[in-house]
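Participant: Just the structure for this:
(one chain, ligands or ions: 2)
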Amino acid sequence: MRSRALLAYVGPKTLNLSYRLDEFVSLVEVAGFDVVDLMTQFGRADTRFYLGSGRAREVAKRDFDVFIAYHSLSPLQVFNLERLFRRRVIDRVLVILSIFEKRAGSTESKLQIELARLRYELPKVKEYLRRAKVGEQLGFMGAGEYIIDAYYRHMVKRISTIRRKLEEVRRSRVTHIAKRKEVGVPEVVITGYTSAGKTTLFNRLVGENKLVDGKPFATLETYSRALNLWGKRVVLTDTIGFIDDLPPVLIESFHSTLQEVIDADTILLVVDGSEPQEEITRKLETSVETLGEVGVDRGRIILVVNKVDKVRLGDVRYLRDLFTRYFAWFVPVSAATGFGIEALKAVLFFKVPGYSIIRSTGEDGARGLRVGNVTFIPMPSRSNRG
Ligand SMILES: Nc1nc2c(ncn2[C@@H]2O[C@H](COP(=O)(O)OP(=O)(O)O)[C@@H](O)[C@H]2O)c(=O)[nH]1
Ligand SMILES: [Mg+2]
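Facilitator: Ligands and ions are numbered 1, 2, ... in the order given. Coordinates of the predicted model:
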């Protein structure tokens with residue numbers, strides 16, 4: 001059964017807050033929680049209770065399993081809230097970490113993410129230890145001093161072990177990359193910001209709709225599927241993608257989740273075309289820049305502009321101008337309605353490497369992509385056989 005989460009944002013009322021909060025809810029859902037409610041409170045966060053002690057006391061009476069704060073909580077805030085709620089208290093950083101953990105493929109990224117978690121949780125455990133030492137009643141997390149101390153020592157030791165292992169793994173990295181390229185079938189990955197519609201597009205392309213009960217992300221466990229494009233076989237993968245407002249402690253872990261994007265033959269970069277122009281520009285710029293930094297050149301990227309069902313006709317021209325500043329062309333789609341999906345498949349058919357495509361003017365049965373009276377037939381190229 002999924003835990004029921006109560007979400008809270010305490011902070012300034014910024015311009016694009018509603019997008020950030022939508023993203024927050026999506027992330028919590030991806031991490032496997034059901035969202036009971038999202039509370040917002042504008043102003044400065046309380047140093048002791050995040051929400052302020054009065055509001056926190058009201059929240060304590062509500063029905064939920066986990067309390068999740070938008071901002072990174074200090075050890076003191078976690079301590080106070082857990083004691084008051086007698087339930088688990090976490091923050092957005094830990095939510096993102098758990099999403100990363102689920103998807104970490106390589107040894108390196110697993111180690112890196114574990115390291116981030118340990119480093120993030122260490123101060124909290126230290127705070128518990130400090131309080132246990134002065135004989136304070138520890139309430140919900142109430143382990144004794146001895147146990148907390150042992151746990152603390154274990155964490156410190158584990159951190160140095162991981163650091164050493166990471167060094168070793170990094171030294172052998174080159175061989176790792178060489179190995180991955182031997183896999184026969186071309187890989188196509190979908191990336192982009194949270195809520196751009198990556199999972200909806202993934203489901204649309206692989207011809208399945210697992211978005212039951214209006215809840216997205218039901219397909220998290222099966223994020224890789226074979227896709228047959230008129231005889232051309234590719235593996236399509238739905239990735240975590242980019243996350244807004246990424247806490248600095250997670251930057252390294254985030255980069256290791258990019259590995260499946262880095263290794264792909266073709267990348268579908270999905271943007272939500274229905275967002276305000278500034279949001280689109282900011283996200284597109286950051287994605288292209290980040291991908292460039294990790295060695296993904298634009299030639300491997302296909303820009304997919306999603307949610308065109310929500311784009312007003314009058315906005316089409318500036319959108320086109322905006323996108324063509326980064327890419328010579330792009331594919332407009334609506335993953336929700338299916339608009340443009342066949343065109344996107346055709347683009348993939350011609351663009352994904354690993355096959356030669358031959359033209360045939362005769363009838364060629366079910367194989368190949370037919371355009372007018374010409375059929376294009378994919379043939380695995382030599383490097384792709386076996
Ligand atoms: N209007 C509209 N909504 C869409 C479209 N594609 C996805 N969505 C919605 O956008 C939200 C985020 O979609 P999702 O696929 O989970 O995004 P992801 O975080 O990138 O995987 C969901 O509520 C989808 O129903 C689209 O083409 N049009
Ligand atoms: Mg998704």
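Participant: Show me the helices in this structure, by range?
Facilitator: Remark: helices assigned in the chain by DSSP state H are 17-30, 53-60, 75-85, 92-103, 107-133, 145-171, 173-180, 198-205, 251-257, 259-263, 277-293, 316-323, 341-351.
Participant: which stretches of the stretch 1-150 of the chain have low pLDDT?
Facilitator: Residues of the stretch 1-150 of the chain meeting the criterion pLDDT under 70: 137-143.
Participant: Most proximal residue of it with respect to ligand 1?
Facilitator: Residue nearest to ligand 1 within the stretch 1-150 of the chain (CB to the nearest ligand atom): S26, separated by 5.6 Å. Heads up, the C-betas are built off the backbone N, CA and C, glycines and all.
Participant: Can you give me the neighbour number for that residue?
Facilitator: For S26, the count of nearby residues is 17 (other CB atoms under 10 Å).
Participant: That one and G197, how far apart?
Facilitator: Distance, S26 to G197, by CB to CB, to the nearest Å: 11 Å.
Participant: Run a quick neighbour tally on the residue lying closest to S360 once chain neighbours are set aside.
Facilitator: With sequence-adjacent residues excluded and distances taken as CB to CB, 6 or more residues apart in numbering, S360 is closest to T375, at 4.8 Å. When neighbours are counted by other CB under 10 Å, T375 registers 19.
Participant: any idea of the pLDDT on T375?
Facilitator: T375 carries a pLDDT value of 87.
Participant: can you list the residues of this protein near ligand 1?
Facilitator: Selection of the chain residues close to ligand 1 by CB under 6 Å from any ligand atom yields 26, 192, 194-200, 216-217, 306-307, 309-310, 334-336.
Participant: Kindly supply the PyMOL command isolating those of those residues that are buried.
Facilitator: Here is the PyMOL command that selects only those of those that count as buried (16 or more other CB atoms under 10 Å):
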select buried, resi 26+192+194+195+196+197+198+199+200+216+217+306+307+334+335+336
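Participant: Keep the residues of the chain next to ligand 1, but drop any that are not near ligand 2.
Facilitator: K198, T199 (CB under 5 Å from the ion).
Participant: Keep only those of the residues of the chain next to ligand 1 that are in strands.
Facilitator: Mapping these onto strands (DSSP state E) picks out G192, N306.
Participant: nearest spatial neighbour of the residue in the stretch 251-386 of the chain that ligand 2 sits nearest to, skipping sequence neighbours?
Facilitator: Across the stretch 251-386 of the chain, the shortest distance to ligand 2 (CB to the ion) belongs to V270, at 9.8 Å. Nearest residue to V270, sequence neighbours excluded (CB to CB, 6+ apart): G192, at 3.5 Å.
Participant: just S256 next, same as before
Facilitator: Spatially, and ignoring its direct neighbours in sequence, S256 is nearest to S109 (3.4 Å; CB to CB, 6+ apart).
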